[in-house]
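S.K.: the amino acid sequence is not available; the structure is as follows:
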């Protein structure tokens, strides 16, 4: 559901987005061409988003890439773990959805 929303918003804004199904694939893509932003579904166990962020933060060439993670607002343990791991901005799913166009536009302007 969120993939579709992100794709639609990105298409409307002319922003290129890539999606990865595993942490290894995500890190491989990030290393090939550093993106303007990494968006993380903090509930996606397949991609292990906290491991991705930890790896990014430990690599000087990737550490400055902005990250945003979204999660249910009631999952305070996940929110806290994401912040500890170094996710730059942690958002409730509803806020992420409402602000998606702004987020993509903001990062496009920076890049």
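M.R.: Looks like it arrived, so ask away. Keep in mind the model is a prediction, meaning the values are calculated, not measured.
S.K.: what segments of the chain are strands?
M.R.: Secondary structure of the chain (DSSP state E): strands at 38-41, 67-71, 89-92.
S.K.: okay, these, which one's buried deepest?
M.R.: strand 67-71 (a mean of 23; mean count of other Cβ atoms under 10 Å). From N, CA and C alone the C-beta is placed, and that goes for glycine too.
S.K.: let's have the strands of the chain in a markdown table, adding distance to residue 12 and mean pLDDT.
M.R.: Output for those, formatted as a markdown table (distance: least, Cβ to Cβ, whole Å; pLDDT from 0 to 100):
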| stretch | distance to residue 12 | mean pLDDT |
| --- | --- | --- |
| strand 38-41 | 16 | 95 |
| strand 67-71 | 18 | 96 |
| strand 89-92 | 20 | 96 |
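S.K.: need the helix or strand of the protein with the lowest average pLDDT.
M.R.: helix 93-110 (a mean of 86; mean pLDDT, DSSP states H and E).
S.K.: got the angle between that helix and strand 67-71?
M.R.: Going by axes from the mean of the first three to the mean of the last three Cα atoms, to 10 degrees, helix 93-110 is angled at 160 degrees with respect to strand 67-71.
S.K.: can you tell me what sits against helix 93-110?
M.R.: With contacts defined as Cβ atoms under 8 Å, 6 or more residues apart in numbering, helix 93-110 is touched by 2, 5-6, 9-10, 12-15, 36-37, 39, 66, 68, 70-73, 91.
S.K.: need the buried ones from the residues you listed selected in ChimeraX.
M.R.: Typed into ChimeraX, the line below selects the buried ones among the contacts of helix 93-110, using 16 or more other Cβ atoms under 10 Å:
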select :6,9,10,15,37,39,66,68,70,71,91
